[in-house]
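Q: Turn this into a model:
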Amino acid sequence: MDPVKVVNILAIESSCDETSAAIIQDGKVLSNFIATQKVHELYGGVVPELASRAHMQNIVPVVDAAIKEANISNDDITAVAFTQSPGLIGSLLVGVCFAKAFAQAKGIPLIAVHHMQAHVLAHFINDKPEFPFLCLTVSGGHTQIVLCKDYLDMEVLGETIDDAAGEAFDKVAKMLGLPYPGGPLVDKYAQQGDPLKFKFPMSEMKDYEFSFSGIKTSVLYFLQAQKKLNPDFATENLKDICASVQYTIVNMLMQKLRKAAKDFNIKNVGIAGGVSANSGLRKAIQEAGEKYGWKVCIPEFEYCTDNAAMIGITGYHKFLKGDFTTLAASPSARATWH
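A: Alright, predicted model coming up:
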């Protein structure tokens, strides 16, 4: 391949219910557009078929907006990066097919990106954490502790064996009668409640593994028992319940992060994924940073949830390594970490 003076990466993210496109120029974000899908609120969760249909409607205008905002033309794009895995297979297919078609039409390279690796590298959009870097990646579908030795050299130290932390927040919100997505609402009410009012059990897992199915069950039984005594219990104690649940989940996350940081003697620590926008988790890691001398990195809010900028920054570093894929690349709902 001939040397390229300016590298413009068109990035596509379509792993779940948000269609996003971004332009990354030499590692800097020129644009990052996200089209959200409100239809899922009617069903209390993401409906895969509706999500994939919405992606098909959104993909072209979102990409067009990203290119125009970056003030470049289609001919200026050097390569196309896309989310290959993991995610909803129908949603992934839309992004993968668009990326392939664009790359083939322009005769430019394709770059396949692992969604969770991209969440980790979201830290490097504006900050430059030093390696080795420890990242707690927390979202609606994943909870992992990742040891980052370099941009593309990462090792998953531990992950959830069942539910993710974000899923636990959403499920508890549903029990409390809060609309979807409920996680941010739990956070909102938690900031006004007493985190020590109600005590919920913390799951004890080996090494760096997590489990959040237990707290969902304990909250369910707790609410059922209390509502028998007082039908309005959940409404009357909403803020304190949210605060107590959030306190428990954040403690479980931080317990494992502290252990990993100590075991590997790492001082550069961050959080990523949708739940990294949670105020309780952000406060906890900042306090831990002050206590243990960590250099804490937290992505800006717009790069915490699913977005194409994080796909683009990962694609940029893969481009520099010549890590390309072919038109034979296919999406995977549950691809292994690589």
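Q: all contacts plus neighbour counts: C-alpha atoms, from now on.
A: Noted.
Q: Just the pLDDT for the closest residue to Gln25 other than its chain neighbours.
A: Beyond its immediate neighbours in the sequence, the residue positioned closest to Gln25 (C-alpha to C-alpha, 6 or more residues apart in numbering) is Asn8, lying 4.5 Å away. In this model, Asn8 is scored at 98, pLDDT.
Q: What of Cys16?
A: Reading off the model, Cys16 has pLDDT 83.
Q: how about it, what does it touch?
A: 46, 48, 51, 87-88, 91-92 (C-alpha atoms under 8 Å, 6 or more residues apart in numbering).
Q: which ones among the residues you listed are found in helices?
A: Using DSSP state H, 48, 51, 91-92 are the members of the contacts of Cys16 that sit in helices.
Q: Lowest-confidence entry in the residues you listed?
A: Pro48 (73).
Q: can you tell me how far the residue positioned nearest the centre of the chain sits from Tyr303?
A: Of all residues in the chain, the one closest to the mean position by C-alpha atoms, centre = their mean is Gly273, 2.7 Å from it. Computed with C-alpha to C-alpha, to the nearest Å, the distance linking Gly273 and Tyr303 is 8 Å.
Q: what does Tyr247 give?
A: 24 Å.
Q: So those two - more neighbours on which side?
A: With other C-alpha atoms under 10 Å as the criterion, Tyr247 and Tyr303 differ in neighbour count, and Tyr303 comes out ahead with 24 against 21.
Q: So Ile34: helix, strand or coil?
A: Recorded secondary structure, Ile34: strand (DSSP: H, G, I helix; E, B strand; the rest coil).
Q: May I have the residues that are in contact with it?
A: Shown here is Ile34, whose contacts under the criterion C-alpha under 8 Å, 6+ apart are 18-21, 62, 307-308.
Q: how about a cut-off of 7 Å?
A: With contact taken as C-alpha atoms under 7 Å, 6 or more residues apart in numbering, Ile34 is in contact with 18-21, 307.
Q: Can you give me the pLDDT of the nearest residue to Asp127 once chain neighbours are set aside?
A: Nearest non-adjacent residue to Asp127, counting by C-alpha to C-alpha, 6+ apart: Cys297, 7.4 Å away. In the prediction, the pLDDT value recorded for Cys297 is 92.
Q: ok, and for the helix or strand of the chain with the lowest mean pLDDT, which residues are buried?
A: The helix or strand of the chain with the lowest confidence, counting by mean pLDDT, DSSP states H and E, is helix 48-69 at a mean of 90. Neighbour-count burial for helix 48-69, counted by 16 or more other C-alpha atoms under 10 Å, picks out 48, 51-52, 54-56, 58-59, 62-63, 65-67.
Q: okay, these in CSV with distance to Ala284 next?
A: Compiled in CSV, the buried residues of helix 48-69 are given as follows (distance: C-alpha to C-alpha, whole Å):
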residue, distance to Ala284
Pro48, 34
Ala51, 34
Ser52, 36
Ala54, 37
His55, 36
Met56, 39
Asn58, 37
Ile59, 37
Val62, 36
Val63, 37
Ala65, 37
Ala66, 35
Ile67, 38
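Q: Tell me how this protein divides into domains.
A: 8-121+304-320, 129-298 (automatic domain parsing).
Q: any idea which of the ones you listed is most buried?
A: Per-stretch averages of neighbours, counted by mean count of other C-alpha atoms under 10 Å, single out domain 8-121+304-320 among the domains of the chain, with a mean of 22.
Q: now that domain: how far from the chain's centre is it?
A: Its chain's C-alpha centre lies 14 Å from the corresponding centre of domain 8-121+304-320 when counted by C-alpha atoms, centre = their mean, to the nearest Å.
Q: Kindly export stretch 234-244 (C-alpha atoms) in CSV.
A: Taking C-alpha atoms only, stretch 234-244 is exported to CSV below (Å, rounded to 0.1, in the frame of the first residue of the first chain):
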residue,chain,number,x,y,z
ALA,A,234,-41.5,0.9,46.5
THR,A,235,-42.9,4.3,45.6
GLU,A,236,-42.5,5.8,49.1
ASN,A,237,-38.9,4.5,49.4
LEU,A,238,-37.8,4.8,45.8
LYS,A,239,-34.8,7.0,46.4
ASP,A,240,-33.4,5.0,49.2
ILE,A,241,-33.9,1.7,47.4
CYS,A,242,-32.1,3.0,44.3
ALA,A,243,-29.3,4.4,46.4
SER,A,244,-28.9,1.1,48.3
